[in-house]
Structure formats: structure tokens, C-alpha cells
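Colleague: Take a look and give me a structure for this.
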Amino acid sequence: MQSHDFFLILLIILITARVFAELAARFKAPSVIGELVAGVVLGPSLLDLIEPIEAVKLMAEIGIILLLFEVGLETDPKQLVRTGPKSLVVAMAGFGVPLLLGFSIGYWVFGLSLLISLFIGGTLTATSIGITVRVLTDLKRHQAREGQIILGAAILDDVMGVVLLALLYEFSTGGGVTLGNVGKVIMFVAAFMILAPMAAKLMSGIIKRFNATTEVHGLIPTTIVALVLFFAWIAHSMGAPELLGGFAAGLALSRRFFLPFGAALHVDLSFAEDVETEMKSIIHLFTPIFFVVVGLSMNLREIDWSSPFFLVFSNTFLFVAVVGKMACPMLIRESWPIRWIIGTAMTPRGEVGLIFAELGWESGILNNEIYAGMVLVIALTTLLSPFALKGLYSHYSDRLGRGNK
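Modeller: Predicted coordinates for the structure are as follows:
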């Protein structure tokens, strides 16, 4: 592709994302819905104007990493620790229930092979943390108690999904899966999440010192983006998702960051505010590209809507996809409104589910009907969940307001 063609594609993506985001806001819907719809309109499902080429996918990857950096900046680690047990319960149930239901129904009800059933169950375990976080941020609920539970659960869910994806990849390519390999991946992920915020905090001190003496504008966004991308690379190298690198860097630079054994790393509030202010424009430039690419990746034309197998298959697993996630918060002690909100927020599969489905498709394990059915389930949970979440917040606004006082 010529460079000028890429420029045109990027122009179309940015402008279309903005137009549809504005339309969504006019209809009182989260702006992320408009950006997802922009991808569906531009992609093979409707106009087929744009393909998610590798360069655009890379920019989308930067977008989700920076979005998680912003989430980390605004996350209160103390509150995240307080909600930790509840987040763990929600994550374990939200991962295990859809996996077991999806596998069991695929294997015993539809008579599919062991590997196909595992891929179906794996696809249903996903939670799109990017979409969930964006909707909560749009609704200004990401700092609320349920927002912190959802954030913690979605991060844990994503880590477990990455481990499962690695195992399924080895399985699909004929490689052996051992407990030693599983343990190594889990150990690397845990080590990264413990050590990365400490390292990022130390590196931010160097950035702050240079920023106080430099005469050249733009030091903070340049060095912070470099820091975020570096930690994304480290995360991938250690077997963790790249987006956790962005989250860890944001967490370390947060105004609320706290290390009980590191008084020397005391947070400079003015520096943290400068980072937050100067990074917002860059974050808001890249994140819409990510959500448009999610829409571009869905090809709704591939679906044979008249196929009896497809209709039964897709409706069955759509039911499993919703029930599996809605059941996860029922195991924690919270009010019913918060339980419904947490379950709904964990429902969209988005890009994470697509990764599972596309791996099964590209490796030849999933046929066209099964792949199309899973794509439809992913599309519906991704597109409809934000509307449902917004509706729940509107319905329970009075009760939630009283509960937060």
C-alpha cells in the first residue's frame, strides 16, 4: 500500500469515528457505540470501504494500550485492593461458567469435537475490557465501587483468557501443554504486575527531573508514550497482555499511587496532573481507531441467516454468553442493582472474543457456520451491552446515588 492510500484510510477512520460518536452522544448513547458502528459501516458488513490492514491494527493496539494507561492514571489502588476479593470472585466465575457451559453444550449437545468445543468455550470467557472501561468512563462510573470491581475482574479475566489462548494455540498447532508451561506463564504475569509499577515510578522521577530543566516543549507526552510502549513490550515478553503494560504504567503515575514501603517514591501531585492533562489529547486520538477496528473485524455478510443450524447454534451460545457473565456477580454480597450492572459490564466480548474466534478460523478448526455464529455472538454482546449498561444506570440512578453518599 502506498503511503497516500494509508493517509486516506486513516482520515476516513478518524472522521467517521468522530461523526458517529457525536451522533451516539446526541441519542444519549455512549460514544464508544458510535465508534463501533462506524467500523461496521466502513467494513465488510456494509460499505466494504476499508480493510483492517496491519498498520491500522497496530495503531488500534496503541489505542487500547493508551486507554488502559488512562484507566491506570485514574485508578485508586487502595480501592482496587479493597474490592480485590470481589473482583477475584467475579473474574473466576465469569471465566469458569462460560467456559464450562460453552464446552459442555458444544461437545455434548451439538456433538462437536473436543478442540472445537474448547475454542467455543474459550471465546465465551472473554470480556472486552476496552469497551467496558470506555462505557464506564463515558458514564463517569469508573471510580465508583462497582466500577472498581468491574475493572479488577476484567483485568483478571483478561489475564486468564491470555493463558487459555496460549494453551489453545499450542493445542491447535500440535504442541504439548504441560503444567510447567502454564505455571511459568502465570508466574511471569504476576511478577510483571508487581514489579512494573515500581519500575515505572522510578523512571517517572527521571522524566520529572528533565521536565523541570528542559527548554523544549513536549517532553512529557513524548517520554510518557515511550514509557507506556516500553512496558507494553516488557509485558508481552513476560507472557502478559500488552495492554497490562499500559495499565501498570498509568497506575504507577497515578496521583493515588501508594507504596507502603517506599516513602521516597511519594507522588508529586502537580507532575501527575501535568501527565494527565498532556496525555489526554494523544489518548483520545488513538482510542477511537481501536473501536473502529473492532467493527471492521466483523463481517456480518458471511452469515447465512436462513441456516437452521446457524440460528439454533448462535441463539444457544448467545444465551450462554449472557447468562455466563450475568451469573458471575451473583456470588458476591452487593445490592441487586450493582450485581446487574457488574454482570452487564462483563458481557461484551469485543476484540478479545474475536482473537479466539479468528485463531480457530485461521487454524482451520472452526468451519464457516460455527465461525459466523461466534462472530454474531461477539457482535451482539459487544454492540448491545453498552446500551443495556446505560439503561441500568438510568433506571437505578437514584438508588446508586444514595448508595455512594
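Colleague: What sits closest to Ile220 if chain neighbours are left out?
Modeller: Using Cβ to Cβ, 6 or more residues apart in numbering and skipping the chain neighbours, the partner closest in space to Ile220 is Glu278 (4.8 Å). Any C-beta I mention is one placed from the backbone N, CA and C, and that applies to glycine too.
Colleague: Now the phi/psi pair for that neighbour, please.
Modeller: phi -80, psi -20 (degrees, to the nearest 10).
Colleague: quick one: it and Thr222 touch, right?
Modeller: No: using Cβ atoms under 8 Å, Glu278 is not in contact with Thr222; the gap is 9.8 Å.
Colleague: how close does the residue nearest to Ile220 sit to Pro308?
Modeller: Distance, Glu278 to Pro308, using Cβ to Cβ, to the nearest Å: 56 Å.
Colleague: More neighbours: those two, which one.
Modeller: Glu278 (17 against 7; other Cβ atoms under 10 Å).
Colleague: what about the more buried one, distance to Ala248?
Modeller: 20 Å.
Colleague: Around Ser128, count how many other residues there are.
Modeller: Ser128, neighbours per other Cβ under 10 Å, totals 28.
Colleague: With Asp48 instead?
Modeller: Neighbours around Asp48, by other Cβ under 10 Å: 11.
Colleague: Quick one, grab the pLDDT at Leu392.
Modeller: Reading off the confidence values, Leu392 has pLDDT 90.
Colleague: which element is it on?
Modeller: Assigned by DSSP states H and E, Leu392 belongs to helix 368-395.
Colleague: Could you check how many residues crowd around Leu331?
Modeller: Residues near Leu331, counting by other Cβ under 10 Å: 14.
Colleague: Pretty sure it sits against Ala93.
Modeller: Yes: with contact defined as Cβ under 8 Å, Leu331 counts as touching Ala93 (5.5 Å).
Colleague: re the thing from before, pull out the buried residues from the helix holding Leu392.
Modeller: By neighbour count on 16 or more other Cβ atoms under 10 Å, the buried set for helix 368-395 is 369-386, 388-390, 392-393.
Colleague: quick one: pLDDT of the residue nearest the centre of the chain?
Modeller: In the chain, the centroid-proximal residue (Cα atoms, centre = their mean) is Ile129; its distance is 2.6 Å. For Ile129, the model assigns a pLDDT of 72.
Colleague: same thing with Ala388?
Modeller: On pLDDT, Ala388 comes in at 90.
Colleague: how much space is there between Thr214 and Leu229?
Modeller: In this structure, Thr214 and Leu229 are 21 Å apart, going by Cβ to Cβ.
Colleague: more neighbours, these two?
Modeller: Leu229 (18 against 11).
Colleague: Mind giving me the packing neighbours of the helix or strand encompassing that one?
Modeller: Using DSSP H and E, the element containing Leu229 is helix 219-237. Here helix 219-237 is seen to pack against helix 54-73, helix 179-213, helix 242-253, helix 269-296 when contacts are counted using 3 or more Cβ pairs under 8 Å, 6 or more residues apart in numbering; DSSP states H and E.
Colleague: Just the residues contacting that helix, thanks.
Modeller: 62, 65-66, 69, 192, 196, 200, 203-204, 207, 210-211, 241-246, 248-250, 253, 274-275, 278-279, 282 (Cβ atoms under 8 Å, 6 or more residues apart in numbering).
Colleague: Can I get it as PDB, trimmed to CA atoms?
Modeller: Only the C-alpha atoms of helix 219-237 are listed here, as PDB (Å, rounded to 0.1, in the frame of the first residue of the first chain):
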ATOM      1  CA  LEU A 219       8.900  16.300  26.800                       C
ATOM      2  CA  ILE A 220       6.100  14.800  28.900                       C
ATOM      3  CA  PRO A 221       3.900  13.300  26.200                       C
ATOM      4  CA  THR A 222       7.000  12.000  24.200                       C
ATOM      5  CA  THR A 223       8.600  10.300  27.200                       C
ATOM      6  CA  ILE A 224       5.400   9.000  28.700                       C
ATOM      7  CA  VAL A 225       4.200   7.400  25.500                       C
ATOM      8  CA  ALA A 226       7.700   5.900  25.100                       C
ATOM      9  CA  LEU A 227       7.400   4.600  28.700                       C
ATOM     10  CA  VAL A 228       4.000   3.100  28.100                       C
ATOM     11  CA  LEU A 229       5.100   1.300  24.900                       C
ATOM     12  CA  PHE A 230       8.200   0.000  26.700                       C
ATOM     13  CA  PHE A 231       6.100  -1.500  29.400                       C
ATOM     14  CA  ALA A 232       3.700  -3.000  26.900                       C
ATOM     15  CA  TRP A 233       6.700  -4.600  25.200                       C
ATOM     16  CA  ILE A 234       8.000  -5.900  28.600                       C
ATOM     17  CA  ALA A 235       4.500  -7.300  29.400                       C
ATOM     18  CA  HIS A 236       4.400  -9.200  26.100                       C
ATOM     19  CA  SER A 237       7.900 -10.500  26.700                       C
END
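Colleague: Now that helix: buried residues?
Modeller: 219-221, 223-225, 227-229, 231-232, 234-235.
Colleague: Could I get those in TSV, plus columns for pLDDT?
Modeller: Converted to TSV, these look like this (pLDDT from 0 to 100):
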residue	pLDDT
Leu219	82
Ile220	81
Pro221	85
Thr223	85
Ile224	85
Val225	87
Leu227	84
Val228	86
Leu229	88
Phe231	83
Ala232	85
Ile234	83
Ala235	77
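Colleague: which regions of the stretch 301-405 of the chain sit below the pLDDT cut-off?
Modeller: Across the stretch 301-405 of the chain, the ranges flagged by pLDDT under 70 are 351, 401-405.
Colleague: Understood, closing this out.
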